[in-house]
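> Just need the structure, nothing else, for what follows:
(one chain, ligands or ions: 1)
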Amino acid sequence: MGDGLLASSGEKWKKNRAIMESAFATRESSRNFIQIFTEQSRVLIEEIRDTRLGVACSLWPLIVKAVIQTVLEKIILDFLLKNNMTDEEINDEIMTLIFAGIDTTVTALCFTLLMLAKNQDIQEKVYEEINTVFSGDKNKSAEFSELTKLTFLDQCIRESLRKLSVVPAVERRVTNDVVLSDGRVVPTGSNLILSIYAIHNNPQYYPDPQVWNPYNFDKDKVAQRPNHTFIPFATGLRQCLGYKFAMMSMKVFISTILQNFKLTTDQTEFQLDYYLIVRCRNGYQIKFEER
Ligand code: HEM
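I've put the predicted structure just below:
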(Lines give C-alpha, C1' and ligand atoms only; values in the text may rest on other atoms or scores of the structure.)
Protein backbone atom coordinates (compact mmCIF):
# COMPACT_ATOMS: atom_id res chain seq x y z
CA MET A 1 0.00 0.00 0.00
CA GLY A 2 3.08 2.22 0.26
CA ASP A 3 2.25 5.65 1.61
CA GLY A 4 -1.46 5.72 0.75
CA LEU A 5 -4.14 7.26 2.98
CA LEU A 6 -4.25 4.46 5.54
CA ALA A 7 -0.51 4.59 6.20
CA SER A 8 0.44 8.23 5.64
CA SER A 9 0.21 11.15 8.05
CA GLY A 10 0.83 14.91 8.32
CA GLU A 11 0.74 17.18 5.27
CA LYS A 12 0.82 14.36 2.73
CA TRP A 13 -2.22 12.69 4.30
CA LYS A 14 -4.06 16.03 4.52
CA LYS A 15 -3.53 16.86 0.85
CA ASN A 16 -4.41 13.43 -0.50
CA ARG A 17 -7.37 12.96 1.85
CA ALA A 18 -8.86 16.20 0.46
CA ILE A 19 -8.39 15.00 -3.14
CA MET A 20 -9.85 11.60 -2.39
CA GLU A 21 -12.76 13.06 -0.43
CA SER A 22 -13.74 15.18 -3.39
CA ALA A 23 -13.81 11.99 -5.46
CA PHE A 24 -15.96 10.13 -2.94
CA ALA A 25 -18.27 12.74 -1.46
CA THR A 26 -19.90 14.65 -4.30
CA ARG A 27 -23.47 14.23 -5.53
CA GLU A 28 -22.13 13.31 -8.97
CA SER A 29 -19.88 10.60 -7.57
CA SER A 30 -22.78 9.14 -5.57
CA ARG A 31 -24.82 8.89 -8.77
CA ASN A 32 -21.89 7.23 -10.54
CA PHE A 33 -21.48 4.76 -7.69
CA ILE A 34 -25.13 3.77 -7.69
CA GLN A 35 -25.00 3.16 -11.43
CA ILE A 36 -21.94 0.93 -11.01
CA PHE A 37 -23.54 -0.98 -8.11
CA THR A 38 -26.74 -1.50 -10.08
CA GLU A 39 -24.88 -2.84 -13.13
CA GLN A 40 -22.77 -5.19 -11.03
CA SER A 41 -25.72 -6.41 -8.97
CA ARG A 42 -27.49 -7.36 -12.22
CA VAL A 43 -24.43 -9.30 -13.40
CA LEU A 44 -24.43 -11.06 -10.02
CA ILE A 45 -28.13 -11.96 -10.29
CA GLU A 46 -27.57 -13.52 -13.71
CA GLU A 47 -24.60 -15.50 -12.45
CA ILE A 48 -26.64 -16.86 -9.53
CA ARG A 49 -29.54 -17.68 -11.85
CA ASP A 50 -27.30 -19.48 -14.36
CA THR A 51 -25.06 -21.42 -12.00
CA ARG A 52 -26.20 -21.47 -8.37
CA LEU A 53 -29.98 -21.83 -8.14
CA GLY A 54 -31.43 -24.34 -5.67
CA VAL A 55 -28.20 -25.70 -4.15
CA ALA A 56 -26.30 -24.53 -1.10
CA CYS A 57 -23.29 -22.55 -2.30
CA SER A 58 -20.48 -20.54 -0.88
CA LEU A 59 -21.28 -16.83 -1.01
CA TRP A 60 -17.78 -15.37 -0.73
CA PRO A 61 -16.47 -16.02 -4.29
CA LEU A 62 -19.65 -14.60 -5.84
CA ILE A 63 -19.68 -11.46 -3.75
CA VAL A 64 -15.96 -10.80 -3.90
CA LYS A 65 -16.09 -10.74 -7.69
CA ALA A 66 -18.92 -8.20 -7.69
CA VAL A 67 -17.33 -5.92 -5.08
CA ILE A 68 -13.92 -5.99 -6.79
CA GLN A 69 -15.62 -4.76 -9.96
CA THR A 70 -17.28 -1.85 -8.14
CA VAL A 71 -14.12 -0.71 -6.38
CA LEU A 72 -12.02 -1.06 -9.55
CA GLU A 73 -14.52 0.85 -11.69
CA LYS A 74 -14.57 3.60 -9.09
CA ILE A 75 -10.78 3.72 -9.10
CA ILE A 76 -10.67 3.91 -12.89
CA LEU A 77 -13.23 6.72 -12.92
CA ASP A 78 -11.43 8.80 -10.32
CA PHE A 79 -7.76 8.19 -10.77
CA LEU A 80 -6.92 6.91 -14.19
CA LEU A 81 -9.18 9.31 -16.04
CA LYS A 82 -8.80 12.51 -14.02
CA ASN A 83 -6.20 12.99 -11.35
CA ASN A 84 -3.75 15.48 -9.98
CA MET A 85 -1.41 13.15 -8.14
CA THR A 86 2.02 11.73 -9.00
CA ASP A 87 2.22 8.23 -10.49
CA GLU A 88 3.55 6.88 -7.21
CA GLU A 89 0.74 8.51 -5.23
CA ILE A 90 -1.88 7.11 -7.59
CA ASN A 91 -0.36 3.66 -7.23
CA ASP A 92 -0.36 3.84 -3.42
CA GLU A 93 -3.94 5.11 -3.25
CA ILE A 94 -5.18 2.39 -5.62
CA MET A 95 -3.54 -0.29 -3.48
CA THR A 96 -5.02 1.32 -0.35
CA LEU A 97 -8.55 1.36 -1.78
CA ILE A 98 -8.22 -2.29 -2.79
CA PHE A 99 -6.94 -3.25 0.64
CA ALA A 100 -9.36 -1.10 2.66
CA GLY A 101 -12.46 -1.40 0.49
CA ILE A 102 -12.86 -4.96 -0.72
CA ASP A 103 -12.45 -7.46 2.13
CA THR A 104 -14.34 -5.21 4.53
CA THR A 105 -17.37 -4.72 2.29
CA VAL A 106 -17.47 -8.36 1.15
CA THR A 107 -17.39 -9.60 4.75
CA ALA A 108 -20.19 -7.27 5.85
CA LEU A 109 -22.30 -8.17 2.80
CA CYS A 110 -21.84 -11.94 3.16
CA PHE A 111 -22.61 -11.81 6.86
CA THR A 112 -25.77 -9.73 6.40
CA LEU A 113 -27.05 -12.06 3.67
CA LEU A 114 -26.33 -15.06 5.89
CA MET A 115 -28.20 -13.50 8.81
CA LEU A 116 -31.16 -12.73 6.54
CA ALA A 117 -31.13 -16.35 5.34
CA LYS A 118 -31.08 -17.49 8.97
CA ASN A 119 -33.86 -15.12 10.13
CA GLN A 120 -36.75 -15.65 7.71
CA ASP A 121 -39.14 -13.23 9.47
CA ILE A 122 -36.60 -10.41 9.16
CA GLN A 123 -35.85 -11.32 5.53
CA GLU A 124 -39.58 -11.06 4.73
CA LYS A 125 -39.78 -7.69 6.45
CA VAL A 126 -36.83 -6.38 4.41
CA TYR A 127 -38.37 -7.86 1.24
CA GLU A 128 -41.65 -6.06 1.90
CA GLU A 129 -39.83 -2.79 2.49
CA ILE A 130 -37.91 -3.17 -0.77
CA ASN A 131 -41.11 -3.95 -2.69
CA THR A 132 -42.80 -0.88 -1.25
CA VAL A 133 -39.90 1.44 -2.05
CA PHE A 134 -39.39 0.09 -5.61
CA SER A 135 -43.16 -0.44 -6.21
CA GLY A 136 -42.51 -4.12 -6.91
CA ASP A 137 -40.46 -3.31 -10.03
CA LYS A 138 -37.42 -5.63 -10.18
CA ASN A 139 -35.90 -3.82 -13.14
CA LYS A 140 -36.00 -0.32 -11.74
CA SER A 141 -32.59 1.26 -11.20
CA ALA A 142 -32.17 2.46 -7.64
CA GLU A 143 -31.89 6.19 -6.97
CA PHE A 144 -30.18 7.76 -4.00
CA SER A 145 -33.49 8.97 -2.53
CA GLU A 146 -34.90 5.42 -2.67
CA LEU A 147 -31.88 3.95 -0.93
CA THR A 148 -32.43 6.34 1.99
CA LYS A 149 -35.98 5.00 2.36
CA LEU A 150 -34.73 1.45 2.98
CA THR A 151 -34.57 2.10 6.71
CA PHE A 152 -35.10 -1.45 7.98
CA LEU A 153 -32.48 -2.80 5.57
CA ASP A 154 -30.20 -0.06 6.89
CA GLN A 155 -30.84 -1.37 10.44
CA CYS A 156 -29.93 -4.92 9.35
CA ILE A 157 -26.65 -3.75 7.80
CA ARG A 158 -25.80 -1.64 10.86
CA GLU A 159 -26.49 -4.57 13.14
CA SER A 160 -24.12 -6.74 11.07
CA LEU A 161 -21.45 -4.05 11.27
CA ARG A 162 -21.97 -3.90 15.03
CA LYS A 163 -21.93 -7.63 15.61
CA LEU A 164 -19.00 -8.25 13.29
CA SER A 165 -16.89 -5.18 14.07
CA VAL A 166 -15.28 -5.78 10.66
CA VAL A 167 -12.24 -3.73 11.68
CA PRO A 168 -12.01 -4.79 15.35
CA ALA A 169 -9.60 -2.08 16.52
CA VAL A 170 -7.80 1.06 15.35
CA GLU A 171 -4.60 2.64 16.57
CA ARG A 172 -4.08 6.36 17.22
CA ARG A 173 -1.11 8.50 18.30
CA VAL A 174 -2.08 11.07 20.97
CA THR A 175 -1.01 14.55 19.84
CA ASN A 176 -2.39 16.49 22.87
CA ASP A 177 -2.88 15.26 26.45
CA VAL A 178 -6.34 13.71 26.81
CA VAL A 179 -8.09 13.93 30.19
CA LEU A 180 -10.51 11.03 30.70
CA SER A 181 -13.82 11.43 32.57
CA ASP A 182 -12.29 9.88 35.73
CA GLY A 183 -9.41 12.36 35.71
CA ARG A 184 -6.69 10.07 34.36
CA VAL A 185 -4.51 11.58 31.66
CA VAL A 186 -3.38 9.94 28.42
CA PRO A 187 -0.15 11.81 27.71
CA THR A 188 0.96 13.27 24.39
CA GLY A 189 2.98 10.80 22.34
CA SER A 190 1.16 7.68 23.60
CA ASN A 191 -0.11 5.09 21.18
CA LEU A 192 -3.71 4.15 21.83
CA ILE A 193 -5.49 1.04 20.65
CA LEU A 194 -9.24 1.65 20.49
CA SER A 195 -11.28 -1.54 20.58
CA ILE A 196 -14.29 -1.09 18.32
CA TYR A 197 -15.18 -4.69 19.18
CA ALA A 198 -15.36 -3.93 22.93
CA ILE A 199 -17.65 -0.93 22.36
CA HIS A 200 -19.96 -2.90 20.06
CA ASN A 201 -20.14 -5.82 22.49
CA ASN A 202 -20.71 -3.83 25.67
CA PRO A 203 -23.97 -5.15 27.22
CA GLN A 204 -24.56 -1.72 28.78
CA TYR A 205 -25.30 -0.44 25.26
CA TYR A 206 -26.39 -3.64 23.51
CA PRO A 207 -28.19 -6.15 25.74
CA ASP A 208 -27.35 -9.66 24.49
CA PRO A 209 -24.51 -8.45 22.27
CA GLN A 210 -23.86 -11.90 20.80
CA VAL A 211 -27.32 -12.01 19.20
CA TRP A 212 -27.84 -10.47 15.73
CA ASN A 213 -30.82 -8.21 16.32
CA PRO A 214 -31.58 -5.39 13.85
CA TYR A 215 -34.09 -3.94 16.34
CA ASN A 216 -31.02 -2.71 18.27
CA PHE A 217 -31.11 0.07 15.68
CA ASP A 218 -34.73 1.12 16.15
CA LYS A 219 -34.84 4.91 16.36
CA ASP A 220 -35.72 5.00 20.08
CA LYS A 221 -32.93 2.52 20.97
CA VAL A 222 -30.36 4.59 19.06
CA ALA A 223 -31.54 7.76 20.83
CA GLN A 224 -30.98 6.14 24.23
CA ARG A 225 -27.32 5.33 23.55
CA PRO A 226 -24.45 7.83 23.93
CA ASN A 227 -22.67 9.04 20.76
CA HIS A 228 -19.84 6.86 19.50
CA THR A 229 -21.31 3.58 20.70
CA PHE A 230 -21.49 2.53 17.03
CA ILE A 231 -18.25 3.20 15.16
CA PRO A 232 -17.63 0.45 12.56
CA PHE A 233 -15.99 3.03 10.28
CA ALA A 234 -14.05 4.65 13.18
CA THR A 235 -14.70 8.35 13.77
CA GLY A 236 -12.98 11.73 13.59
CA LEU A 237 -10.55 12.96 10.94
CA ARG A 238 -9.35 9.47 10.03
CA GLN A 239 -12.83 8.04 9.68
CA CYS A 240 -13.27 5.59 6.78
CA LEU A 241 -13.15 7.40 3.47
CA GLY A 242 -15.47 4.88 1.82
CA TYR A 243 -18.25 4.51 4.38
CA LYS A 244 -21.00 6.00 2.21
CA PHE A 245 -19.72 4.01 -0.77
CA ALA A 246 -19.81 0.84 1.35
CA MET A 247 -23.29 1.48 2.76
CA MET A 248 -24.75 2.32 -0.65
CA SER A 249 -23.16 -0.67 -2.35
CA MET A 250 -24.48 -3.05 0.31
CA LYS A 251 -28.00 -1.62 0.00
CA VAL A 252 -28.02 -1.98 -3.79
CA PHE A 253 -26.59 -5.53 -3.74
CA ILE A 254 -28.90 -6.80 -0.99
CA SER A 255 -32.04 -5.19 -2.37
CA THR A 256 -31.39 -6.56 -5.87
CA ILE A 257 -30.68 -10.05 -4.52
CA LEU A 258 -33.80 -10.10 -2.32
CA GLN A 259 -36.03 -8.80 -5.11
CA ASN A 260 -35.04 -11.85 -7.13
CA PHE A 261 -34.33 -14.66 -4.67
CA LYS A 262 -35.41 -16.10 -1.39
CA LEU A 263 -32.42 -17.01 0.77
CA THR A 264 -32.12 -19.97 3.11
CA THR A 265 -29.22 -21.60 4.94
CA ASP A 266 -28.50 -24.75 6.94
CA GLN A 267 -25.34 -23.28 8.39
CA THR A 268 -25.33 -23.32 12.19
CA GLU A 269 -21.73 -22.43 13.03
CA PHE A 270 -20.55 -18.80 12.82
CA GLN A 271 -17.16 -18.73 14.44
CA LEU A 272 -15.63 -15.27 14.09
CA ASP A 273 -11.83 -14.92 14.13
CA TYR A 274 -10.31 -11.51 14.72
CA TYR A 275 -7.24 -10.40 12.77
CA LEU A 276 -6.76 -6.94 11.21
CA ILE A 277 -10.18 -7.67 9.72
CA VAL A 278 -12.72 -10.18 11.08
CA ARG A 279 -13.24 -13.55 9.36
CA CYS A 280 -16.04 -16.09 9.66
CA ARG A 281 -14.18 -19.41 9.96
CA ASN A 282 -17.14 -21.43 8.67
CA GLY A 283 -17.69 -19.39 5.52
CA TYR A 284 -21.13 -18.36 4.29
CA GLN A 285 -23.35 -21.09 2.82
CA ILE A 286 -26.56 -19.89 1.18
CA LYS A 287 -29.26 -21.44 -0.98
CA PHE A 288 -30.93 -19.15 -3.53
CA GLU A 289 -34.47 -19.88 -4.75
CA GLU A 290 -36.30 -17.88 -7.38
CA ARG A 291 -39.01 -15.60 -5.91
C1 HEM B 1 -17.98 -2.33 5.52
C2 HEM B 1 -16.99 -1.76 4.91
C3 HEM B 1 -15.90 -0.95 5.57
C4 HEM B 1 -15.53 -0.85 6.89
C5 HEM B 1 -16.14 -1.56 8.09
C6 HEM B 1 -14.41 0.08 6.95
C7 HEM B 1 -13.79 0.47 8.13
C8 HEM B 1 -12.75 1.38 8.19
C9 HEM B 1 -12.09 1.81 9.41
C10 HEM B 1 -12.43 1.32 10.82
C11 HEM B 1 -11.12 2.70 9.07
C12 HEM B 1 -10.13 3.38 10.01
C13 HEM B 1 -8.84 2.58 10.00
C14 HEM B 1 -7.75 3.13 10.89
O15 HEM B 1 -7.78 4.30 11.22
O16 HEM B 1 -6.84 2.36 11.21
C17 HEM B 1 -11.15 2.83 7.62
C18 HEM B 1 -10.30 3.65 6.89
C19 HEM B 1 -10.31 3.75 5.52
N20 HEM B 1 -11.20 3.14 4.65
FE21 HEM B 1 -12.73 1.93 5.16
N22 HEM B 1 -14.13 0.52 5.68
C23 HEM B 1 -15.02 -0.07 4.81
C24 HEM B 1 -15.11 0.12 3.43
C25 HEM B 1 -14.29 0.96 2.71
C26 HEM B 1 -14.41 1.19 1.28
C27 HEM B 1 -15.49 0.59 0.38
C28 HEM B 1 -13.39 2.02 0.93
C29 HEM B 1 -13.04 2.59 -0.42
C30 HEM B 1 -13.49 2.17 -1.56
C31 HEM B 1 -12.62 2.32 2.15
C32 HEM B 1 -11.51 3.13 2.19
C33 HEM B 1 -10.86 3.51 3.37
C34 HEM B 1 -9.69 4.37 3.39
C35 HEM B 1 -9.01 5.00 2.18
C36 HEM B 1 -9.35 4.55 4.74
C37 HEM B 1 -8.20 5.38 5.31
C38 HEM B 1 -8.73 6.75 5.67
C39 HEM B 1 -7.69 7.69 6.26
O40 HEM B 1 -6.86 7.25 7.05
O41 HEM B 1 -7.76 8.88 5.93
N42 HEM B 1 -13.21 1.66 3.20
N43 HEM B 1 -12.16 2.03 7.11
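> Check what pLDDT the residue in the chain that the ligand sits nearest to gets.
Residue nearest to the ligand within the chain (Cβ to the nearest ligand atom): residue 242, separated by 2.2 Å. (Glycine included, C-beta is placed from N, CA and C.) What the model reports as pLDDT for residue 242 is 92.
> Touching, it and residue 98? I think so.
No: contact status for residue 242 versus residue 98: not in contact, 11.3 Å apart, counting by Cβ atoms under 8 Å.
> Can you mark which positions in stretch 178-196 are buried?
Of all the residues in stretch 178-196, those buried under the rule 16 or more other Cβ atoms under 10 Å are residue 196.
> contacts for that stretch?
165, 167-177, 231-232, 234 (Cβ atoms under 8 Å, 6 or more residues apart in numbering).
> Average pLDDT for it, rounded please.
95.
> Can you give the distance of it from its chain's centre?
Distance, stretch centre to chain centre, for stretch 178-196: 28 Å (Cα atoms, centre = their mean, to the nearest Å).
> And for stretch 85-93?
25 Å.
> do it and the ligand meet?
No: Stretch 85-93 stays out of contact with the ligand when judged by Cβ under 6 Å from any ligand atom, the minimum separation being 7.6 Å.
> what comes up buried for that stretch?
89-93.
> Adding secondary structure and pLDDT, write those residues out as a markdown table.
Shown next, in a markdown table, are the buried residues of stretch 85-93 (DSSP: H, G, I helix; E, B strand; the rest coil; pLDDT from 0 to 100):
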| residue | secondary structure | pLDDT |
| --- | --- | --- |
| 89 | helix | 84 |
| 90 | helix | 84 |
| 91 | helix | 85 |
| 92 | helix | 88 |
| 93 | helix | 86 |
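> low-scoring stretches of the stretch 51-200 of the chain, by residue?
Applying pLDDT under 70 to the stretch 51-200 of the chain picks out residues 78-83.
> Excluding its own residues, what touches stretch 225-232? List them.
Contacts with stretch 225-232, where a contact means Cβ under 8 Å, 6+ apart, come from 158, 161-162, 164-167, 196, 199-200, 202, 205, 222, 235.
> cool, and stretch 2-22?
Here stretch 2-22 has contacts from 1, 78, 83-85, 88-89, 91-93, 95-97, 99-100, 241, using Cβ under 8 Å, 6+ apart.
> quick one: average pLDDT of it?
Computed over stretch 2-22, the average pLDDT equals 87.
> let's have the chain start at 34 instead
All right, first residue 34 from here; so that's stretch 35-55.
> is that stretch up against the ligand anywhere?
Yes: counting by Cβ under 6 Å from any ligand atom, the ligand has neighbours in stretch 35-55: 38-39, 50.
> Tell me the most packed of the residues you listed, by neighbour count.
residue 38 (21 neighbours; other Cβ atoms under 10 Å).
> quick one: secondary structure of that one?
Using DSSP: H, G, I helix; E, B strand; the rest coil, the structure places residue 38 in coil.
> measure it to residue 48 for me?
For residue 38, the distance to residue 48 equals 11 Å [Cβ to Cβ, to the nearest Å].
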